[in-house]
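> Sharing a model prediction with you, sequence too.
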Amino acid sequence: MRRALALGLLLLLRLGLHGVLWLALGLAPGPGPQRRFPLGLGFPRLGGLGRAAPPAPRPPWLPPPGAGAEGRRPRPGVCGAARWGYVPGARGRGRDEYERRYSRAFPPQLRAQMRDLARGMFVFGYDNYMAHAFPQDELNPIHCRGRGPDRGDPSNLNINDVLGNYSLTLVDALDTLAIMGNSSEFQKAVKLVINTVSFDKDSTVQVFEATIRVLGSLLSAHRIITDSKQPFGDMTIQDYDNELLHMAHDLAVRLLPAFENTRTGIPYPRVNLKTGVPPDSNNETCTAGAGSLLVEFGILSRLLGDSTFEWVARRAVKALWSLRSNDTGLLGNVVDIQTGRWVGKQSGLGAGLDSFYEYLLKSYILFGEKEDLEMFNAAYQSIQSYLRRGREACNEGEGDPPLYVNVNMFSGQLMNTWIDSLQAFFPGLQVLMGDVEDAICLHAFYYAIWKRYGALPERFNWQLQAPDVLFYPLRPELVESTYLLYQATKNPFYLHVGMDILQSLEKYTRVKCGYATLHHVIDKSKEDRMESFFLSETCKYLYLLFDEENPVHKSGTRYMFTTEGHVVSVDKQLREAPWREEVFPNGGPDRRPPDFKAINSSSNCSRVPDERRYSLPLKSIYMRQIDQMVGLI
C-alpha cells in the first residue's frame, strides 16, 4: 500500500514538473488567435558544432551577399514563440544514442548495398513494364498488365492528361538506363522508341505532361547519344541519324496549336496530337502547366536553330509574370488564358505553381538569359516575404522554424492550413540558389512526415497534424531534395534519409509486378498504378544518391535535371541563340511590364552556408527534432 502511495506521489510530482517546464519553456498555447505550428521543428542553436570549415562556394549565377532590394523581411514568430527545451514523454534517449544512430559515417559497403537496391528497384519496375505493359503507357503492377488512355471516359483527366498511347514509361525511362550504365538496354530501348513510337495519335493530352515526360526525355537521350565524351559508357547508336531529335520536333509541332488563338499568349492546357486544340477546350490553366515549358522548348529551339519553340514558351512566362500582384509580387495558381483573370488566387509552392519557379532559375542556368534570373530573384523575394512563416533564421532565434504556406496572392493572407507533397521539391531548388540552411529546415519538415507514415501523403494539414489527402503515387520530390542536399553538404545524414526512403518503398509499395501507388498512407492499401516518374525520377535520384562514382558527379561536364528528372548537360551549345534580337528585341513585342523590377535576393535569402552547421554532430540534433515531431521519443 505504502509503495503504491509513494509511486502515485512520485508520478504526481513528475507530472507537475512537466507542467512547469511546459509553461516555462513556452510550449503551452499562447494567448489570442495566433497559434504556433503544431508540427514545429524548433531546432536548437547549432553554433560551435564541429570543426570550422571554409564557407561553401557560391553558385556563379548568384549576386553577392547583401545585393538587391531589402524587401519585406520574413516574419519571425508569426505563429507564436515556442522552443523545444524539454519533451514530455521522452523515453530517455540521450544524445549519445542519436550520435550513434545518425552521426556515424555511412560505410562504403552499405552505400554500395543501397545503390544496388535502388538499381534493383528500377530494374524490377522496368522489366515488368516491358514484360507486361509495353507498348502501352503505364504498368498496372498489381494485375501485371498495361494501361493506356481511358477512351471510354474522356473526362478522366487523371489518366488522359498523361497517357497518350506512346509507350510513355519506356520513353520517360531512357536516360535512367544511361545513368545506370546499362548501355545494351539503353540502345535497345532507343531503337524500340524509334521503330514503334508515333505521335500521330488521336490522343488529347496535357501540354505540360507531354512536354516534361516525353519531349524532355527524347532531348535528354539524344544529347546522351551524340555526346562526344560518352561519359556513361558507349551509349552511341549505330547509324543514328538524329531520330530522337526529329521525334521531339514532331511532338513539339503537335503541341504548338495550344499557343494559338489565345489573347494572352498563355497556352491552352490540352491539345489533341492529331487535330489540335479540342473545340470544347477549357480556357483555364494552372500557372505551372503554362509556365514550365521553357527548358524543354528552349533546348529544342537551340538544337534546331529555330526560335519558334523558345519564343512561344518565353512569351507564356512573360505573360504570367505580367499578371502577378502589384502589391505582393505573387502569382495565383489558375488563370483564364483569354482574359488574364486569376481564377485561382492561391499562391504557394506546391501543385499549380511549383515548377514555374523551378524553371525560372533552371532556364537561366541553361540559357544564361539575365531576365530569367531577374524574375526568379524577384519571385524568391516575394516567396520569402509572404509565404514563409516562422523565425527569420532556421537554427537560431525565437519562434517556430520556417514553413511555406498557401496565401492569397493579393493580400498575403493565409488561405488554408495544408501543404502538398509537391512542395518537397523546394529544398532542392533552394540548394541550387544557395540558400542551403533554409533548405535543410524545410527538408527536415517533409522527412518528419515521411517518418511518421513511411510515405508522403498528397496533402498534409500542419495544424491538425494529419493528412488531408491520403494517397502517395510514388512521387520523387523528397528524394530529389535529399539527393541535392547531400551533394551540397556531403553530410551522411542524407544517406540515412535515402536508405529510410528506399526501405519504406520496398516494404510498403512493392507488389507482384512492380511498385504500386499507396491509396492510403496510414493503412497502406494500394492502387494498381505505377506512374512513369517512378522510373524516371524516384529510382534515378535514389541511385545517384548512393552512386558516388557516377559520371554525373565525376565528369568535367556540369549537369542539370529537368522537372521530370531528365539529365541535361550545361554547355555552350545551349547558350547560343542566333535569333537573340528576334526573341529579345528590347523586351520584344511582349516587352517587360512597366512594374518589372530586377530584385536580387536579400542577404538573408542568399547567405553563404557555414559548413560548421553541416558537420557530423548536426545529424543527431536534426534527427532528434524530427523524432520529437513524429512522437517517436
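Good, I have the coordinates.
> Pull the number of nearby residues for residue 184.
10 (other CB atoms under 10 Å). Every C-beta, even on glycine, is put in place using the N, C-alpha and C of the backbone.
> Just the element for it, please.
helix 183-196 (DSSP states H and E).
> How far does that helix sit from its chain's centre?
28 Å (CA atoms, centre = their mean, to the nearest Å).
> Quick check: buried residues in it?
Neighbour counts using 16 or more other CB atoms under 10 Å place 183, 185, 186, 187, 189, 190, 192, 193 of helix 183-196 among the buried residues.
> Just put those residues in TSV and tack on pLDDT and distance to residue 441.
Shown next, in TSV, are those (pLDDT from 0 to 100; distance: CB to CB, whole Å):
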residue	pLDDT	distance to residue 441
183	97	41
185	98	40
186	98	38
187	98	44
189	98	40
190	98	42
192	98	44
193	98	41
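> Looking at those residues, which one is closest to residue 560?
residue 186 (20.1 Å; CB to CB).
> returning to what we had before: give the other helices and strands that the helix holding residue 184 contacts.
Applying 3 or more CB pairs under 8 Å, 6 or more residues apart in numbering; DSSP states H and E, we find helix 183-196 packed against helix 168-172, helix 174-179, helix 216-226, helix 243-255.
> In the second one, which residues are buried?
Residues of helix 174-179 classed as buried by neighbour count (16+ other CB under 10 Å): 174, 175, 176, 177, 178, 179.
> just to revisit the earlier point, select, out of the helices and strands packed on helix 183-196, the one closest to residue 539.
Closest among the helices and strands packed on helix 183-196, once you apply CB to CB, is helix 174-179, at 6.5 Å.
> for that closest one, what is the average pLDDT?
With pLDDT averaged residue by residue, helix 174-179 scores 98.
> how distant is it from the center of its chain?
Using CA atoms, centre = their mean, the offset of helix 174-179 from its chain centre is 20 Å.
> who touches that helix?
With CB atoms under 8 Å, 6 or more residues apart in numbering as the test, helix 174-179 has contacts from 122, 126, 185-186, 189-190, 193, 217-218, 220-221, 224, 232-233, 235, 535-536, 539-540, 543-544, 550-552, 565-567.
> repeat that with 7 Å
122, 185-186, 189-190, 217, 220-221, 224, 232, 235, 535-536, 539-540, 544, 550, 552, 566-567 (CB atoms under 7 Å, 6 or more residues apart in numbering).
> And for stretch 189-197?
Contacts to stretch 189-197, defined as CB under 7 Å, 6+ apart, come from residues 135, 166, 167, 170, 171, 174, 177, 221, 225, 237, 243, 244.
> that older thread, redo the buried residues of helix 174-179 as a markdown table? Include distance to residue 482.
Output for the buried residues of helix 174-179, formatted as a markdown table (distance: CB to CB, whole Å):
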| residue | distance to residue 482 |
| --- | --- |
| 174 | 24 |
| 175 | 20 |
| 176 | 17 |
| 177 | 22 |
| 178 | 22 |
| 179 | 17 |
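> quick check, nearest of those residues to residue 431?
Using CB to CB, these come closest to residue 431 at residue 179, 19.4 Å.
> Okay, that closest one and residue 554: tell me how far apart.
12 Å (CB to CB, to the nearest Å).
> in this protein, which helix has the most residues?
Counting residues, the longest helix found in the chain (DSSP state H) is helix 108-132.
> After that helix, which helix or strand is next?
With secondary structure assigned by DSSP H and E, helix 108-132 is succeeded by strand 138-140.
> mind listing what the helix or strand that that following strand is followed by pairs with, with the direction of each?
Note on strand 138-140: by DSSP H and E, the next helix or strand toward the C-terminus is strand 145-147. In the sheet, strand 145-147 lines up against strand 138-140 (antiparallel) (DSSP bridges).
> what's the offset of the partner strand from the middle of its chain?
23 Å.
> related to what we said a few turns ago, do you know which of the helices and strands packed on helix 183-196 lies nearest residue 525?
Per CB to CB, nearest to residue 525 of the helices and strands packed on helix 183-196: helix 168-172, 23.2 Å.
> Which neighbouring elements make contact with that closest one?
On a contact count with 3 or more CB pairs under 7 Å, 6 or more residues apart in numbering; DSSP states H and E, helix 168-172 meets strand 138-140, helix 183-196, helix 216-226.
> Can you add distance to residue 419 and give those back as a markdown table?
Shown next, in a markdown table, are those (distance: least, CB to CB, whole Å):
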| stretch | distance to residue 419 |
| --- | --- |
| strand 138-140 | 27 |
| helix 183-196 | 37 |
| helix 216-226 | 26 |
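> Any idea which of those gets closest to residue 374?
Among the helices and strands packed on helix 168-172, helix 216-226 sits nearest to residue 374 (CB to CB), with 24.7 Å.
> Measure how buried residue 124 is and give me the count.
Neighbours of residue 124 using other CB under 10 Å come to 17.
> which one is it nearest to, not counting chain neighbours?
Once flanking residues are discounted, residue 124 sits nearest to residue 514: 6.7 Å by CB to CB, 6 or more residues apart in numbering.
> Now the one you found, what are its backbone angles?
phi 150, psi -150 (degrees, to the nearest 10).
> Which other helices and strands does the host helix or strand of residue 448 contact?
If you go by DSSP H and E, residue 448 is part of helix 436-453. On a contact count with 3+ CB pairs under 7 Å, 6+ apart, helix 436-453 meets helix 426-433, helix 477-489, helix 617-629.
> what comes up buried for stretch 150-163?
160, 161, 162, 163.
> now, which of these lie within helices?
Using DSSP H, the subset of the buried residues of stretch 150-163 located in helices is residue 160.
> my read: residue 247 touches residue 219, true?
No - here residue 247 does not reach residue 219: they are 9.8 Å apart, not a contact under CB atoms under 7 Å.
> ok, the two, which is more surrounded?
For residue 247 versus residue 219, neighbours defined as other CB under 10 Å are more numerous around residue 219 (26 against 23).
> got the contact list for that one?
With CB under 7 Å, 6+ apart, residue 219 has these contacts: 248, 296, 299, 300.
> one more time with 6 Å
248, 299 (CB atoms under 6 Å, 6 or more residues apart in numbering).
> How far does stretch 533-545 stretch from one end to the other?
17 Å (CA to CA, to the nearest Å).
> Write the ChimeraX selection for whichever of the contacts of stretch 189-197 are buried.
Filtering the contacts of stretch 189-197 down to the buried ones (16+ other CB under 10 Å) takes a single ChimeraX command:
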select :135,166,167,170,171,174,177,221,225,237,243,244
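> ok, which pair from the contacts of stretch 189-197 is furthest apart?
Those two in the contacts of stretch 189-197 that are separated most widely, counting by CB to CB, are 135 and 225, at 21.2 Å.
> Show me the shaky parts of this protein.
Residue ranges of the chain with pLDDT under 70: 1-104, 555, 580-633.
> Quick check, central residue of it?
residue 425 (2.3 Å; CA atoms, centre = their mean).
> does that residue really touch residue 476, like I thought?
No - look at residue 425 against residue 476 with CB atoms under 6 Å: they stay out of range, at 8.5 Å.
> how about stretch 565-576: buried residues?
In stretch 565-576, counting by 16+ other CB under 10 Å, buried: 565, 566, 567, 568, 569, 570, 574.
> what about the strands in the stretch 351-500 of the chain?
388-389, 403-404, 407-408, 418-420, 459-461, 466-469 (DSSP state E, counting those that start in this stretch).
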